[in-house]
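[1] give me a 3D structure for the following:
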Amino acid sequence: MTQMQEDTGRLVEDEREPTTAEIEAWQREETFVPPGKATPDEYPSLYNMSAGMLFGGVIRPVEPELPDYVAIEMDQPNLEMAGQVGMWNMLWEAAQFRRRFFDEDDLPAPIAELADLGDINTILVPRTESHYFEYEALFHLLPKATLDRFGLPLLRRGQWPFLADHSNVGRFLTPDFGDRLAKAWAWTVWPHLNSGSRLSAFSKDDPIRLLAHNLDFWVPPVTDVIQDILRTFPEVDKGKVVGPVTLVDGSVLEGA
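    Numbering: from 1, shown residues only. All right, here's what the predicted structure looks like:
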């Protein structure tokens, strides 16, 4: 065999389709953090990608509404859906005006239906049994010791808002993930709610105990804090002049 034939054979071998086991191994590596690398300097962490990576400018509401998290069905192979969801969420600064960046006729059905509702502020996440993506921002505030205490996995850095699920993380989470997260969260915030008594001193149906465990209650204020922090970052200068937003019909978008 000549050297060229040998190199060609190796190239064909390298381009073979990965096996199911190889794909799962890669996804696990992308999903979990080795315990030794979950140091306080690097874990937990939550990241954001600027809309300046894809957009020339952003509409900003004078009074932005706090977003609602909407879980939708997202098939893994649907790259068009994944791309549209990523762009939709990346425009978090546009808040209730984000639909105006898109032609509704080009949007996948679940997003088009939301856009058709008008100027409402929504962040899109995949619907999973574990509800990880709805509560991702809360999960990635918890340190390793707390996760260990409540039997929760060490997941790699979080992303706010959701952009893509590269490793199909839901398949690696147990059905009781949400319950465990609620207990971990309550244990974490309890000293700030009641510094005088332990959590166990209150019955399971006591209002303050229910509040501590209610992840849906905590998502909005945590989201508000995330957005406030991001707004302190330097702006991307793309030569845009800040001023009124002119629509395609020549009118001005009020409140922006």
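
[2] packing partners for the helix or strand where residue 212 lies?
    Here residue 212 sits within helix 207-213, counting by DSSP states H and E. Based on contacts counted as 3 or more Cβ pairs under 8 Å, 6 or more residues apart in numbering; DSSP states H and E, the elements that helix 207-213 packs against are helix 177-193. Yep, even glycine has a C-beta here, placed from its N, CA and C like the rest.

[3] show me which positions of the helix it packs on end up buried.
    By neighbour count with 16 or more other Cβ atoms under 10 Å, helix 177-193 contains the buried residues 177-178, 180-190.

[4] and stretch 57-67, what's buried?
    The neighbour-count check on stretch 57-67 (16+ other Cβ under 10 Å) flags 57, 58, 59, 61, 64, 67 as buried.

[5] actually stretch 82-94, not the one I wrote
    Of all the residues in stretch 82-94, those buried under the rule 16+ other Cβ under 10 Å are 82, 84, 85, 86, 87, 88, 89, 90, 91, 92, 93, 94.

[6] just flag the most distant two among these.
    The most widely separated members of the buried residues of stretch 82-94 are 82 and 93, with 21.0 Å between them, by Cβ to Cβ.

[7] just for the stretch 101-250 of the chain, where's the confidence low?
    For the stretch 101-250 of the chain, applying pLDDT under 70 flags the ranges 201.

[8] can we see that at 90?
    Counting by pLDDT under 90, the stretch 101-250 of the chain has low-confidence residues at 104-106, 109, 128-129, 156-158, 164-172, 174-175, 190-212, 235-243, 246-249.

[9] just the helices in the stretch 51-200 of the chain please.
    Residue ranges of the helices in the stretch 51-200 of the chain, as given by DSSP state H, counting those that start in this stretch, are 79-90, 109-115, 136-139, 144-149, 177-193.

[10] follow-up on the earlier one: gap between the helix or strand following the helix holding residue 212 and the chain center?
    Scanning forward in sequence from helix 207-213 by DSSP H and E, the next helix or strand is helix 215-230. Mean C-alpha position of helix 215-230 versus that of the full chain (Cα atoms, centre = their mean, to the nearest Å) differs by 12 Å.

[11] can you check stretch 146-158 too?
    In terms of Cα atoms, centre = their mean, the centre of stretch 146-158 is found 16 Å from the chain centre.

[12] try stretch 107-117
    Relative to the centre of its chain, stretch 107-117 is centred 19 Å away, using Cα atoms, centre = their mean.

[13] next, the residue sitting nearest the centre point of the chain: phi, psi?
    Nearest to the centroid of the C-alpha atoms of the chain, with distances taken as Cα atoms, centre = their mean, sits residue 162, at 2.6 Å. Backbone torsions for residue 162, taken as degrees, to the nearest 10, come to phi -60, psi 140.

[14] thought it was touching residue 127?
    No. Between residue 162 and residue 127 there is no contact under Cβ atoms under 8 Å: 11.7 Å.

[15] possible to save the buried residues of helix 177-193 as a markdown table with distance to residue 247?
    Below are these laid out as a markdown table (distance: Cβ to Cβ, whole Å):
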| residue | distance to residue 247 |
| --- | --- |
| 177 | 43 |
| 178 | 41 |
| 180 | 47 |
| 181 | 42 |
| 182 | 44 |
| 183 | 48 |
| 184 | 46 |
| 185 | 42 |
| 186 | 46 |
| 187 | 49 |
| 188 | 45 |
| 189 | 43 |
| 190 | 49 |
